[in-house]
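Enquirer: Show me the folded form of this:
(2 chains)
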Amino acid sequence: KQEVTQIPAALSVPEGENLVLNCSFTDSAIYNLQWFRQDPGKGLTSLLLIQSSQREQTSGRLNASLDKSSGRSTLYIAASQPGDSATYLCATRSGGSYIPTFGRGTSLIVHP
Amino acid sequence: GAGVSQTPSNKVTEKGKYVELRCDPISGHTALYWYRQSLGQGPEFLIYFQGTGAADDSGLPNDRFFAVRPEGSVSTLKIQRTERGDSAVYLCASSPGPLSSYNEQFFGPGTRLTVL
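Expert: Okay, the predicted model is just below:
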């Protein structure tokens, strides 16, 4: 059974810092890995989808990398802003299953 | 519509009552997922529909929970004899097809259920 762990659970940083959020998974036979953002009281917004054959994806100030062999993905946020404050979740689906497994998320606060 | 919608946004009910939660997926999306999210946790899978049929309902916690998708579009999650432990945010997501390397999920805003 796939297990997804996100470290750290919470992070508070001053504006302008570059951040790395970590996601690890136990079953490396994944189809893809997706990073989401969740604002308080809201649903999930997809940020980046990395296919199993890819090593990274970029969107604006966000860059997500994937290392299947080590069971890890990282989300890099450049030049963080207060508007980046949210919970960031990763989810992946391992071979043979249509059901994604989510981590618990990293709660990020960027203060001015 | 442009995205996944869920109604109601908030539902407060009393222990023992019956509730229905509705999800309108993105038009044309054949796959639909229901999740439950408790505070500080990631979404927990409940049930997955491919078209009209429940392809996987292994996440439903017990027989008080049931979901339907009769025409392959709108889905309703039904909870009988609600308990305080059912309080959570119920999220719906849709996908163009079965999740693959290329298909991603799009989430609705959720329904916050509070059982008093």
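Enquirer: Contact partners for the residue nearest to B:Ser5 when sequence neighbours are not counted?
Expert: The shortest distance from B:Ser5 to any non-neighbouring residue, by Cβ to Cβ, 6 or more residues apart in numbering or on different chains, is to B:Asp24 (4.5 Å). To be clear about C-beta, it is placed using only N, CA and C from the backbone, and glycine gets the same treatment. By Cβ atoms under 8 Å, 6 or more residues apart in numbering or on different chains, the contact set of B:Asp24 is B:Gly1, B:Val4, B:Ser5, B:Gln6, B:Thr7, B:Ser73, B:Val74, B:Gly108.
Enquirer: Could you do A:Ser28 as well?
Expert: Contact analysis of A:Ser28 by Cβ under 8 Å, 6+ apart lists A:Lys68, A:Ser69, A:Ser70, A:Gly71.
Enquirer: one more time with 7 Å, if that's ok
Expert: Each residue near A:Ser28 by Cβ atoms under 7 Å, 6 or more residues apart in numbering or on different chains is listed here: A:Lys68, A:Ser69, A:Gly71.
Enquirer: just the buried members of those?
Expert: Those of those that meet the buried threshold are A:Lys68, A:Gly71, by 16 or more other Cβ atoms under 10 Å in any protein chain shown.
Enquirer: from the contacts of A:Ser28, which is closest to chain B?
Expert: A:Lys68 (12.2 Å; Cβ to the nearest Cβ).
Enquirer: can I assume that closest one is in contact with A:Ala29?
Expert: No: judged on Cβ atoms under 7 Å, A:Lys68 makes no contact with A:Ala29 at a distance of 8.1 Å.
Enquirer: Model confidence score at the residue nearest to B:Ser5, please.
Expert: According to the prediction, B:Asp24 has pLDDT 97.
Enquirer: and of the contacts of A:Ser28, the nearest to A:Thr101?
Expert: When those are ranked by distance to A:Thr101 (Cβ to Cβ), A:Gly71 comes first, at 12.3 Å.
Enquirer: Would you check that that closest one makes contact with A:Thr26?
Expert: Yes: A:Gly71 is within contact range of A:Thr26, at 6.3 Å (criterion: Cβ under 7 Å).
Enquirer: okay, and the helix or strand of chain B with the least pLDDT?
Expert: The helix or strand of chain B with the poorest confidence is strand B:53-56; it has a mean of 88 (mean pLDDT, DSSP states H and E).
Enquirer: Could you point out the helix or strand that follows that one?
Expert: Using DSSP states H and E, the helix or strand that follows strand B:53-56 in sequence is strand B:65-68.
Enquirer: buried sites along that next one?
Expert: Neighbour-count burial for strand B:65-68, counted by 16+ other Cβ under 10 Å, picks out B:Phe65, B:Ala67.
Enquirer: What is the subsequent helix or strand relative to that strand?
Expert: Downstream of strand B:65-68, the next assigned helix or strand under DSSP H and E is strand B:75-79.
Enquirer: ok now that next one, how far from the chain's centre?
Expert: 7 Å (Cα atoms, centre = their mean, to the nearest Å).
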